[in-house]
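Visitor: Build me a structure from this.
(one chain, ligands or ions: 2)
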Amino acid sequence: LLAPTFLFAQVLGQTYGHPGVDHAWVPAGPGDFRGPCPMMNTLANHGFLQRDGRNITRENAVNALKDGLNFNPTLANIMFDQAIIANPEPNASYFTLDHLNKHNLLEHDASLSRSDAYFGNNHVFNQTVFDETRSWWEGPVLTADMLANSKVARQLSSKAFNPTYVFTLVTEEFSLGEVVAPVIAFGDTDAITVNRTLVEYFFENERLPTELGWTRREEVVSLDTIHHATDTIRNATRLYTDPKSSLSKRKSSRNPHFG
Ligand code: HEM
Ligand code: MG
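Guide: Ligands and ions are numbered 1, 2, ... in the order given. Have a look, this model is predicted:
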């Protein structure tokens, strides 16, 4: 009687991860915590993180990012260090997915798939917001330019219509990482491209796109991978067209208005 249940879990689940842990996709039930991060939610939906979204320790986070996405421990530890401030208790050793919802701590305005706190729920997937984002993804393969355009467009619409819009330089650094995150998880981390169908499936279902043919990347994701990716997006967010090399030359030229 046990065997069919076991086999069922094997078929639905992933073939990696900790032996004996079931990585079948099960969406959150009543009482489970979820947050503004589609990937943390996804890792919980697959049991790489606790399915209830609670009590995420350093060890839990490092293992989940390794088993689910092949992040190296150094990178995963840095991410945990950045996230632990979400738990308001001093010297906390864990955070919950609900902690991540606190507005203007880690969660910020102009998200790709969530509404600004000013307009309502800041952490549940919002199809209208995501459709605005997607409208800038103009081909089957997302490029750094398309991802950057959607980020800038979301900021412009928040700045225009949300009177409480906040987006600091610290937010910008997190935002660049978030916008390129689907490339890190599902795409080409050298070219900075990713198949649009995988990204849409991921955001809309909070599920790893295994049934679309995706498998966890074989190369380990390191801090260098992230730096190359965020730098590429950062350059692509510029709204001026001068090649980067000509910027330094311009510094020495006189400004026609104030020079
Ligand atoms: C957004 C936390 C890891 C993908 C966010 C946000 C938080 C967060 C608080 C909300 C920011 C906003 O307001 O939009 C975390 C923590 C992580 C983690 C604590 C690990 C310790 C990851 C990983 C990926 C990822 C590994 C994928 C490779 C994303 C994406 C968004 C996001 C795509 C943007 C969602 C949107 O703009 O709608 N994350 N994250 N995150 N995260 Fe994570
Ligand atoms: Mg947000």
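Visitor: how about the strands of the stretch 151-259 of the chain, start to end?
Guide: Along the stretch 151-259 of the chain, the stretches classed as strands by DSSP state E, counting those that start in this stretch are 194-195.
Visitor: For it, what lies in contact range of ligand 1?
Guide: Glu178, Ala181, Pro182, Ile184, Ala185 (CB under 6 Å from any ligand atom). C-beta coordinates here come from the backbone N, C-alpha and C atoms, glycine included.
Visitor: quick one: contacts for the closest residue to the last one other than its chain neighbours?
Guide: When you say that, I think you mean Ala185. Of all residues not flanking Ala185 in the chain, Leu69 sits nearest, at 5.6 Å (CB to CB, 6 or more residues apart in numbering). Residues in contact with Leu69 (CB atoms under 8 Å, 6 or more residues apart in numbering) are Met39, Ile184, Ala185, Arg216, Arg217, Val221.
Visitor: dump the residue contacts of the closest residue in space to Val124 that isn't next to it in sequence.
Guide: Spatial nearest neighbour of Val124, excluding adjacent residues (CB to CB, 6+ apart): Arg114 at 7.0 Å. By CB under 8 Å, 6+ apart, the contact list for Arg114 reads Pro36, Asn121, Asn122, His123, Val124, Phe125, Asn126, Val129.
Visitor: ok, now Thr189?
Guide: Applying CB under 8 Å, 6+ apart to Thr189 gives the contacts Val183, Arg217, Glu219, Val221, Thr225, His228, Ala229.
Visitor: The same query, at a cut-off of 10 Å, please.
Guide: When contacts are counted by CB atoms under 10 Å, 6 or more residues apart in numbering, Thr189 touches Val180, Val183, Arg217, Glu219, Val221, Ser222, Asp224, Thr225, Ile226, His228, Ala229, Thr232.
Visitor: Chain neighbours aside, what residue packs nearest to the second one?
Guide: The shortest distance from Val183 to any residue that is not its chain neighbour, by CB to CB, 6+ apart, is 4.6 Å, and that residue is Val194.
Visitor: Next, Val141: phi, psi?
Guide: Backbone torsions for Val141, taken as degrees, to the nearest 10, come to phi -120, psi 120.
Visitor: circling back to that earlier point, mind checking which of the residues of the stretch 151-259 of the chain next to ligand 1 land in helices?
Guide: Under the assignment DSSP state H, those contribute Glu178, Ala181, Pro182, Ile184, Ala185 to helices.
Visitor: any chance of the residues you listed in TSV, plus pLDDT and neighbour count?
Guide: Shown next, in TSV, are these (pLDDT from 0 to 100; neighbours: other CB atoms under 10 Å):
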residue	pLDDT	neighbour count
Glu178	98	21
Ala181	98	23
Pro182	98	22
Ile184	98	22
Ala185	98	25
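Visitor: Touching, the residue nearest to Val183 and Leu142? I think so.
Guide: Yes. The pair Val194 and Leu142 qualifies as a contact (CB atoms under 10 Å) at a distance of 5.1 Å.
Visitor: got any residues that touch both of those two?
Guide: Contacts common to Val194 and Leu142, judged by CB under 10 Å, 6+ apart, are Pro182, Val183, Phe186, Gly187.
Visitor: between these, which is closest to Val26?
Guide: Closest approach to Val26 among those (CB to CB): Phe186, at 20.8 Å.
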